[in-house]
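**Q** Sharing a model prediction with you, sequence too.
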Amino acid sequence: RPKAKERRAKVASVRLTPSEWAEMEAASAARGFASLSEYVRHLHDEALKAEGSKGREPAVNPADFPFSKMRCHLATGLGQALHGDALCYLFGGAKPKSVDLIMTSPPFGLVRKKDYGNEDAHRYCDWFRPFAEGFRRVLKDNGSLVIDIGGAWKPGTPTRSLYHFELLVMLCEEYGFHLCQEHYWWNPSKLPSPAEWVNVRRVRVKDAVNTVWWLSPTPWPKANNRRVLAPYSPSMRSLLREGYTPKLRPSGWDISDKFGRDNGGAVPPNLLAIANTESNGQYQDFCRRKGLPIHPARFPDALPEYFIRFLTEPDDLVVDPFGGSCVTGAVAERLGRRWVCCELDEDYLKGAEARFADGPRPPAKEVTYSLPPPCRLPVDEAKVPLHADGGRTRPTQEPPTSAPPPRLTPKRRRNEQPNLLVPAE
C-alpha cells in the first residue's frame, strides 16, 4: 500500500454486482495490485493525471499524418520496415493499445547536426511531444516504452546538457508514463571522449554510458527477469557447490539459506555491459557492395534483445519508430516477435535488407567484460597538481610520456567545440 501523508480514517463502501466484483478483481490482479483498494487508488491517480492534461493542446492533429503517406519497403513473415514519418504509423497505421513494446533510440539532442538527423538539445522536448502522444496512444496498458538516449555537452564548457532528463520528466509528468527503472548501457569499447575535456585538458573522465529509460503507462508492466539471467560468477558457483551458512552480514543484511539456492543464473544489474564494435559484419559489407550509406549510430543486437526478452512474449508486437537499419526488427524476427520499424531515410532501409537477406542473424557470442577500479596506479600528487582554473585555459604542452599513444581520433581545430558522439538508432 502506498504511503499517505494523512491517516486513512475514512472508509468508502461501494455496492457491486457479483459480476462487477469479479471483473474488477480480475482487472486488479492482471495489473499486479494486491487489493481492490490499491486498484481504485491507481484509477484515481490516473484520472487526476488525465484531468491535468486536458488543458494542454494536442501536439498532433492525426489528420495531418495519414498512413497512406507511408510505404512498405521490406516485409517478412513477422514484420515490416516502413518508409516515412513514424507519426503516420502512430496515428494512422497502428490501432490504439496494440503495441507491447516500443524499443527505440531517437536522434539525440546534440549541439551540432549529424547526418542521421539529430535534434537541437534546446528544442528537444518540443520536437518529441508528438511522438510521446503517439506512444501513449498505441501502447497497451501493460506495455513498455524503452528509450536509449545519450547525453550531450554544452557548447564551449565541460558541462552536461539536461535535455535527456527533461525528456524523462516530461514523459512522466505530462503524458502519464511511469519510470519503471533506469538502465545504463556501458560500451567498453568507447574511446575517451570528449577528447578536449578528457585527453587534452584532463578535467573530465571518459563518458562511456548511455541512459536507457524503461517506462510504462502502468506501474505494473508485464516483465520477468528470469528471461534475462546472467551466468553466475565463479565465486557464486563455488558457493553453490560448497554450500552457504546463513548469517548476518556486516552491512546488516540477514542472509537466509535461500541465498544458496541455484536459480539458474544471476539477476543482472541495470548496468548493461555491451560493446559496440562491429565494423565489418554482414550489414556493413552489404552497404559497401551496394554503395549505400552505413548508419552511423547503430546500437548492438544485445541491447534490444535484452528488453525484448525481458518485456515481451513470442508473437507480441515490437515497434521501433526510429528504425535506422532495423536492428530492433532483426532481433524481434529472430526471437519470434512481430515487429514494425519506421525510417525517414530510404537508403538506410535499403541497407537494412542485409539483416534479412539470408534469414535473421545468429546471436552474438558471449563476451564477459571487467571494469578495473580507479586509483590503483601510483601517482605523485606533487607532480600532478589540480587544474586550479578547472581547465578554462588550454594547456600549451602535454606532460612527457615514455611512448606517445597512436592518434585514434581525427584532428580537432583549436577553437572547435567538443561534442559527444554516441550511438542512436
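**A** Perfect, thanks for sending it.
**Q** how about residue 43, secondary structure?
**A** Reduced to three states with DSSP: H, G, I helix; E, B strand; the rest coil, the structure at residue 43 is helix.
**Q** let's have the chain start at 43 instead
**A** Yes, from this point I'll number from 43; that puts the last item at residue 85.
**Q** how close does it sit to residue 65?
**A** 13 Å (C-beta to C-beta, to the nearest Å). C-beta here means a position set from N, CA and C on the backbone, and glycine is covered the same way.
**Q** cool, residue 214 as well?
**A** Using C-beta to C-beta, one obtains 29 Å as the distance from residue 214 to residue 65.
**Q** Which one of these two is surrounded by more residues?
**A** Here residue 214 and residue 65 are set side by side on neighbour count (other C-beta atoms under 10 Å), and the busier one is residue 214, at 15 against 12.
**Q** looking at this, that one is in a helix?
**A** Yes. With three-state DSSP as the criterion, residue 214 is part of a helix.
**Q** What are the neighbouring residues in contact with the nearest residue to it once chain neighbours are set aside?
**A** Using C-beta to C-beta, 6 or more residues apart in numbering and skipping residues adjacent in sequence, the residue nearest residue 214 is residue 221, 6.0 Å away. Contact analysis of residue 221 by C-beta atoms under 8 Å, 6 or more residues apart in numbering lists 210, 214, 255, 256, 257.
**Q** tally of neighbours for residue 150?
**A** Once other C-beta under 10 Å is used to define contacts, residue 150 is seen to have 26 neighbours.
**Q** Report pLDDT for it.
**A** According to the per-residue confidence, residue 150 scores 78 in pLDDT.
**Q** My guess is it contacts residue 190. True?
**A** No. In terms of C-beta atoms under 8 Å, residue 150 does not count as a neighbour of residue 190; the distance is 9.4 Å.
**Q** After the helix or strand bottoming out on mean pLDDT in the chain, which helix or strand is next?
**A** Scoring the helices and strands of the chain by mean pLDDT, DSSP states H and E places strand 296-297 at the bottom, with a mean of 64. Downstream of strand 296-297, the next assigned helix or strand under DSSP states H and E is strand 313-315.
**Q** Identify the residues contacting that following strand?
**A** Residues external to strand 313-315 that are found in contact with it (C-beta under 8 Å, 6+ apart): 225, 226, 227, 228, 230, 251, 254, 344, 345, 348, 411, 413.
**Q** contacting residues for the last one?
**A** What it means is residue 413. For residue 413, the contacting residues are 228, 230, 315, taking C-beta under 8 Å, 6+ apart as the criterion.
**Q** between those, which has the most around it?
**A** Looking at those with neighbours defined as other C-beta under 10 Å, the largest count falls to residue 315 at 19 neighbours.
**Q** Test of understanding: give the bridge partners of that residue.
**A** Following DSSP bridges, residue 315 is listed with bridge partners residue 228.
**Q** Against residue 121, how distant is it?
**A** When distances are taken as C-beta to C-beta, residue 315 and residue 121 turn out to be 28 Å apart.
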